[in-house]
Every structure is written in structure tokens, then in C-alpha cells.
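Novice: need the 3D shape of this:
(chains A and B)
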Amino acid sequence: MSEDLARALEAGELSQSQLRELIKIQADQLGLEYEIAVRLARRGELRDRGPIGDDLEFLVELLPVAA
Amino acid sequence: MPIEGRTLTEAARKLQDHLNDLLVHTVTQTRLVVFSATGSNRADVSFRQANRPNPAALSASSGRVHLHFHQTCEGIPINGVVRLRTIKYRYTLTLGDAAEPILRWEYEKVPTPDKRACRHHVHVDLSGSPLRLRAHIPTGTTLVEDVIRFCINDLKVPHRSADWHDRLEESERAFKEEFASPDDRR
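Specialist: Numbers count the residues shown, from 1 in each chain, chains lettered A, B, ... in the order given. Okay, the predicted model is just below:
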């Protein structure tokens, strides 16, 4: 995780690129490409029902709809 | 009065502070973290440590359980302030190091078009029962207070203060009478 992202999380305000970085971290942990992870999360079709999949699904809620 | 602030972050931090105070006096010192993203009117509230989800480990009579809390709030500008409303929540309980939770209380204000389960439900795996299904059992609005009460009363998680019950009652009353907007009750 970049220092910028760590500071932004601490401050409670992420830029969209930092949000995407965070989503990519979780997607990587599930072995998914970013775009696929976002698509599955939006459909509620992530196979992982543990904390990482859960986190990914909720992080995607903060993306603009078209992203 | 619903939860409001000058900004989305300020309003979300009020919710965060309220819930963290409740949690630390009932079942866990693990703290909820809140953040928003630029260009979005939504905030995420969850147990988190840096970039990782960090469910609260609780000692139940049957062994260790993990409580996870996740909520997406939306900030609605009204009369110069931002009013918070919940658009999605998920509270889960996972036994020990199991990969999946045994119980999931969920709500989605706007479910994806092909999902037709009740908006407020508890998800229970009944695949080992004669019903052979993963059921979305209808509930009303499930408050985090309800889940905390379940942890203490049914799972025998030790409470962290003598007045835990009064605190839950007061928090529940505040949610229903002060915090909730009409939308939160549907």
C-alpha cells in the first residue's frame, strides 16, 4: 500500500485513484483482475464471502456508477 | 433529528463516534473506521486496519467468533447540511477461522435487478437441512444493537460494562426516534 493511500485512509478521504488502488489490493488477494472484480462485486456475484470479498463489494459502492 | 453534518465526512464521523462508543461499552475495543471518496456522496463504515478489513474477534461460549460490520451511507444535501442515510449494510458472524460467515444480516436499498430477496434479511445456509437452500429469511430493519444483543445474550460474549443493556436500549431509542430518517425505516 502506498504511503499516500495510508494517509488518506487515516484522514478518512480518498481520491478516486486511491479508492481504485484499494479495490485493486483486495482484487489481487482474490486473484481477480480489477475490472472483473468490480463487475462481479456490482452483481453481488463474488465467490468470496469472507472479509476480503465483503470489503471489495462495499468499496465498489463508493465508485461512480460508470467507473 | 437524523445524523447531519456540514460535510459527508463530518456526518459519517458522528455515526462512527456513536457506534464506537457503543461497541467499546458492549462487546469490543475494535474500532470502526469511516472514509469517503472524492466525487462520491457515499461513505464506508467498517472494522478496518489500514488497507485490510479487521473483524472484531469475540470470545463466545462456543469459542472464538468474528463480528464484521459494514455499512454504506449516502449524504443527502438538505437545507445547507448533509443528512446521512443508510443504503446498504451487512453484519456477519463467522465461527473461528471459517472462510464464510455462519450468519449474515443484510440490507440493500436498491438491490441489483436480478436479486429479488427481501431487502432486509438474514442469510442462513440451510443446504444441510431438508430445505436444501441458502435462505434469505425476511427480517425488519436489523440494527447493530440487535446484533450486539444477540452476541451477548445468545453467544454469551462477555459484556464490557455493567450498563451494556441500558446503553443498547438508549442507542436503539436514539436511532428510531432521533437518527433515522423516514427512508431508514423502510
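
Novice: ok, now which ones touch B:Ala174?
Specialist: Counting by C-beta atoms under 8 Å, 6 or more residues apart in numbering or on different chains, B:Ala174 makes contact with B:His18. Quick note: C-beta positions are derived from backbone N, CA and C, even for glycine.

Novice: and it, what element?
Specialist: helix B:164-174 (DSSP states H and E).

Novice: average pLDDT for stretch B:45-63?
Specialist: Averaged over stretch B:45-63, pLDDT sits at 95.

Novice: in chain B, what residue lies closest to chain A?
Specialist: Nearest to chain A in chain B, going by C-beta to the nearest C-beta, is B:Pro53, at a distance of 3.9 Å.

Novice: what number of residues lie near that residue?
Specialist: Neighbour count for B:Pro53, taken as other C-beta atoms under 10 Å in any protein chain shown: 23.

Novice: list phi and psi for the residue of chain B most remote from its centre.
Specialist: Distance from the C-alpha centroid of chain B, by C-alpha atoms, centre = their mean, peaks at B:Pro130 (30.6 Å). Backbone torsions for B:Pro130, taken as degrees, to the nearest 10, come to phi -60, psi -20.

Novice: likewise for B:Ile87?
Specialist: Here B:Ile87 shows phi and psi, under degrees, to the nearest 10, equal to phi -110, psi -10.

Novice: which residues touch the spatially closest residue to it that is not a sequence neighbour?
Specialist: Closest residue in space to B:Ile87, ignoring its immediate chain neighbours: B:Lys109 at 4.2 Å, by C-beta to C-beta, 6 or more residues apart in numbering or on different chains. Residues near B:Lys109 by C-beta under 8 Å, 6+ apart: B:Thr86, B:Ile87, B:Lys88, B:Arg119, B:Asp183.
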